[in-house]
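Undergrad: Show me how the following folds:
(one chain, ligands or ions: 1)
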Amino acid sequence: MSKLLRKPEQNEVSQGVTIVQDVTTENSPLEYVGFKIVDLAPGAKYSEVLGKQECCIVAVTGKINVTDGEEVFENLGTRESVFEKVPTDSVYVSNDRRFEVEGVSQARVALCYSPSQKQLPTRLIKASDNGVENRGILSNKRLVHNILPDSDPTANSLLVVEVFTESGNWSSYPPHKHDRDNLPEESFLEESYYHEMNPPQGFVFQRVYTDDRSIDETMTVEKGDVVLVPAGYHPVGVPDGYTSYYLNVMAGPTRIWKFYNDPAHEWILKR
Ligand SMILES: O=C(O)C[C@@H](O)[C@H](O)C(=O)CO
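TA: Below you'll find the predicted structure:
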């Protein structure tokens, strides 16, 4: 069984609140990244006391209300399907705070966590705050929504980004890694990938491999799956006919995304 691939579950923890993915530092090889997918029925509420973790709450689909106990953000969320390809709303909540998320409509929410010590202000990250970027040429084209990039000081550790890869294209490609705390050449960031496909019966392939091949797994990834990247290169290949969406969470000792391309495949960029 793969150590890096997590299939979705249907764990109804209270009426209308279903935990679909639950990656923690206790149940995974990751030390810096935690991740949950929570489905909420209209009116259902999910709350947490954060302790020494910060959290970015992403309205993946549907509409939600979010509060940290002081501020209230209503009717967040911009899309019924991620494949509308419009940015969505998120809320950053710092360590030592609590939050509550309520479904306004049927909603899917991503909770992105990292260990954190220094308290920061809660912040609404509106859809219009997302940096939208087109990257790549030829069969390497993808659309990126930067929710929490390293240029935004909202968080202590968390980096959060959405990526759409068209049919027959590749992303996180040529293969790159960020597993050495060796700035300015490379930063150490763990990463998680939450995947969806359109149409939903689609699949993508994701390989995670290190230079010494102590990790070398090629996974068939389906809708709702999470892939964990504790280290190594992590390219994604999308079959003809399907569009891929993934939500990445990255965190490590320094909040800088400085990646290193696999020298064997870097020539791809020089065409
Ligand atoms: O540009 C891409 O293909 C997306 C990736 O950079 C993805 O966000 C990632 O691998 C981050 O390390």
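Undergrad: what does the stretch 1-150 of the chain have sitting close to the ligand?
TA: Within the stretch 1-150 of the chain, the positions adjacent to the ligand are 135, 142, 144 by C-beta under 6 Å from any ligand atom. Where you see a C-beta, it was placed from the backbone N, CA and C, and this is true even at glycine.
Undergrad: end to end, how far does stretch 23-42 reach?
TA: According to C-alpha to C-alpha, to the nearest Å, stretch 23-42 extends 25 Å from its N-terminal end residue to its C-terminal end residue.
Undergrad: Can you flag the buried ones in the residues of the stretch 1-150 of the chain next to the ligand?
TA: Buried by 16 or more other C-beta atoms under 10 Å: 142, 144, out of those.
Undergrad: For residue 117, state which of the residues of the stretch 1-150 of the chain next to the ligand is nearest.
TA: Distance to residue 117, by C-beta to C-beta, is smallest for residue 144 among these, at 29.3 Å.
Undergrad: Contacts only, for that closest one.
TA: With contacts defined as C-beta atoms under 8 Å, 6 or more residues apart in numbering, residue 144 is in contact with 131, 132, 133, 134, 135, 161, 162, 163, 164.
Undergrad: Which residue, other than its chain neighbours, is closest to it?
TA: Across the structure, with C-beta to C-beta, 6 or more residues apart in numbering as the measure, the residue nearest residue 144 apart from its sequence neighbours is residue 133 (4.3 Å).
Undergrad: Burial check on that neighbour, number of neighbours?
TA: Per other C-beta atoms under 10 Å, the neighbour tally for residue 133 reads 13.
Undergrad: and it, how far is that from residue 256?
TA: Between residue 133 and residue 256 the distance is 18 Å, computed by C-beta to C-beta, to the nearest Å.
Undergrad: Low-confidence stretches in the stretch 51-200 of the chain?
TA: Applying pLDDT under 70 to the predicted model, the stretch 51-200 of the chain contains no residue that meets it.
Undergrad: Residue 124 - how many residues pack around it?
TA: Based on other C-beta under 10 Å, the number of other residues close to residue 124 is 13.
Undergrad: I would like the residues contacting the helix or strand hosting it, please.
TA: With elements delineated by DSSP states H and E, residue 124 resides in strand 123-125, which encompasses its position. Applying C-beta under 8 Å, 6+ apart, the set of residues contacting strand 123-125 from outside is 56, 71, 73, 76, 89, 90, 91, 92, 147, 148, 154.
Undergrad: Which SSE is immediately downstream of that strand?
TA: Remark: after strand 123-125, the chain's next helix or strand is strand 131-135, criterion DSSP H and E.
Undergrad: residues touching residue 269, list them.
TA: Contacts here follow C-beta under 8 Å, 6+ apart; on that basis residue 269 touches 174, 261.
Undergrad: Could you report the distance from it to residue 173?
TA: In this structure, residue 269 and residue 173 are separated by 10 Å, where distance is defined by C-beta to C-beta.
Undergrad: Using PyMOL, define a selection of the buried residues within the contacts of residue 144.
TA: Buried residues among the contacts of residue 144 (16+ other C-beta under 10 Å), as a PyMOL selection:
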select buried, resi 161+162+163+164
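Undergrad: Among the contacts of residue 144, pick out the one closest to residue 97, please.
TA: Minimum distance to residue 97 across those is 23.3 Å, recorded for residue 161 (C-beta to C-beta).
Undergrad: doesn't residue 194 make contact with the closest one?
TA: No: counting by C-beta atoms under 8 Å, no contact exists between residue 161 and residue 194, whose distance comes to 11.3 Å.
Undergrad: Common neighbours of those two, please.
TA: Among the neighbours of residue 161, those also in contact with residue 194 (C-beta under 8 Å, 6+ apart) are 247, 248.
Undergrad: re the thing from before, got a list of what the residue nearest to residue 144 touches?
TA: Contacts here follow C-beta under 8 Å, 6+ apart; on that basis residue 133 touches 143, 144, 146.
Undergrad: Which among the contacts of strand 123-125 count as buried?
TA: The neighbour-count test (16+ other C-beta under 10 Å) applied to these identifies 56, 73, 76, 89, 90, 91, 92, 147, 148, 154 as buried.
Undergrad: hang on, the second one in a strand?
TA: It refers to residue 73. Yes: secondary structure assignment (DSSP: H, G, I helix; E, B strand; the rest coil) places residue 73 inside a strand.
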